[in-house]
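**Student:** I'd like to go over a predicted model; first the sequence, then the structure.
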Amino acid sequence: MIKVGIIGCGKIAQVRHIPEYLENSETQLTALFDFNTGRARDLAARYGVRACDSIEELLSIPDLDAVSICTANMAHAENTLAALEAGKHVLCEKPMATTIEDCERMVQKAREKGLVLMIDQNQRLAPAHQKARELIAQGAIGRVLTFRTTFGHGGPETWSIDPGTASWFFDRSKSAMGALADLGVHKTDLIQYLLNQKVRAVTARVTTLDKRDARGQLVGVDDNAVCIYEMDGGAVGSMTASWTYYGAEDNSTVIYGDKGILKIYDSPDYALRIVGRTGEVITYELGQIQTNDHQTSTGIIDAFAAAILGQQQNLIDGADVLQAMRAVFACLKSSDEGRRIEI
């Protein structure tokens, strides 16, 4: 039995990590920590686990095997490194960290300690994405030429445990980035996974268009990112992340090959569709991807437990996420400097 603790007890811990740990027969939720001590104690009482008064206390539990890092972005690296140093396997929420140097330190520490470091890029585990990767590799749409991948919704103010623009998501000192870090990292990692190609150059506009604080000023982080990705296998496409899609959430990807088009999660009826050059359509019913309003199991905890137990390889190893993070940081640089950035 893998005994696990969670550092950070906000919304992502409450709707994803805690329920999925409780559902997994190989894991035992053991301890919780949050800087809001009342929140941690309430949750600990609800689930019959230990509430810790500090991160150090949680990490010092001798038989604790693993931790989830569910804190604000700026604390990911510090908390992950502390957990790895304490001999704990780590599942870290995205974005991996707020600098590439910190991302690399996390990977190096996990290697030194011989521990699992998994990053919660859970879109890789969605059934339609796994099937799409298989179909692309089989040549179902031929050579991939272009793509567009999008993740947008109305913003974290309706999702965060602390609603409104007072949420840490809008506080640059805690989040470092906005929609690009929250949503864009998912689609950046995903397009590399689907195509089995890495981003080699970016041209990006990362900006704040609409989100405002209590004083009516634009918030200090981006609410939109529109990026052009050039892949090392020759494909070129767009990645868009937005907190200003004030309607239905869009979490779709469309990939255009020289033999047809692959459409993923862009239809309410089918998770995956192939449209051939002559108009023929092949559909796959694989279930719709989860949304903030419709939570389903992501499979990330199952994958984390299996990696710890040696039942399968680490499906989302920190080392494999580094290139996606390099692309994200390149987007910020491209937007700041107004030019194309090679990675």
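**Tutor:** Thanks, I have the structure now. Just so it is clear, the model here is predicted, and its values are computed rather than measured. Numbering: from 1, shown residues only.

**Student:** next one: stretch 168-187 to chain centre, how far?
**Tutor:** Offset of stretch 168-187 from its chain centre (CA atoms, centre = their mean, to the nearest Å): 11 Å.

**Student:** Pull out the buried positions in it.
**Tutor:** By neighbour count with 16 or more other CB atoms under 10 Å, stretch 168-187 contains the buried residues 168-171, 174-187. All C-beta spots, glycine's among them, are computed from the backbone N, C-alpha and C.

**Student:** just stretch 47-63 next, same as before
**Tutor:** Buried residues in stretch 47-63 (16+ other CB under 10 Å): 49, 50, 51, 52, 55, 58, 59, 61.

**Student:** how long is it end to end?
**Tutor:** From the first residue to the last, stretch 47-63 extends over 19 Å; the measure is CA to CA, to the nearest Å.

**Student:** State the mean pLDDT of it.
**Tutor:** Per-residue pLDDT values over stretch 47-63 give a mean of 97.

**Student:** Check stretch 182-202 too.
**Tutor:** Averaged over stretch 182-202, pLDDT sits at 98.

**Student:** where in the stretch 101-250 of the chain is pLDDT low?
**Tutor:** 160, 163 (pLDDT under 70).

**Student:** ok so, going back, and which of the buried residues of stretch 47-63 is nearest residue 280?
**Tutor:** Distances from the buried residues of stretch 47-63 to residue 280 were compared by CB to CB; the smallest belongs to residue 49, at 53.5 Å.

**Student:** what's the spacing between the closest one and residue 41?
**Tutor:** 11 Å (CB to CB, to the nearest Å).

**Student:** Same question for residue 322.
**Tutor:** From residue 322 to residue 41 the distance is 37 Å (CB to CB).

**Student:** what's the answer for residue 310, then?
**Tutor:** For residue 310 relative to residue 41 (CB to CB), the value is 35 Å.

**Student:** Which one of those two is surrounded by more residues?
**Tutor:** With neighbours defined as other CB atoms under 10 Å, residue 310 and residue 41 compare such that residue 41 has more, 16 against 8.

**Student:** So that one belongs to a helix, correct?
**Tutor:** Yes: judged by DSSP: H, G, I helix; E, B strand; the rest coil, residue 41 forms part of a helix.

**Student:** give the contact list for it.
**Tutor:** With contacts defined as CB atoms under 8 Å, 6 or more residues apart in numbering, residue 41 is in contact with residue 51.

**Student:** Can you pull the phi/psi pair for the most centrally placed residue in the chain?
**Tutor:** Ranked by distance to the mean C-alpha position of the chain (CA atoms, centre = their mean), the top residue is residue 121 at 3.7 Å. Backbone torsions of residue 121, given as degrees, to the nearest 10, read phi -90, psi 70.

**Student:** Please tell me the pLDDT value assigned to the residue sitting furthest away from the middle of the chain.
**Tutor:** Centroid-distance maximum for the chain: residue 278 at 36.2 Å, with CA atoms, centre = their mean. Turning to residue 278, the model gives it a pLDDT of 92.

**Student:** Could you grab the helix/strand/coil label for it?
**Tutor:** In the three-state summary, residue 278 is assigned as coil, counting by three-state DSSP.

**Student:** any idea how far it is from residue 113?
**Tutor:** In this structure, residue 278 and residue 113 are separated by 55 Å, where distance is defined by CB to CB.

**Student:** cool, residue 212 as well?
**Tutor:** When CB to CB is the yardstick, residue 212 and residue 113 sit 44 Å from each other.

**Student:** When those two are compared, which one has more neighbours?
**Tutor:** Neighbours were counted for residue 212 and for residue 113 using other CB under 10 Å; residue 113 has more, 17 against 13.

**Student:** For that one, which residues are in contact?
**Tutor:** The contact partners of residue 113, by CB under 8 Å, 6+ apart, come to 84, 85, 87.
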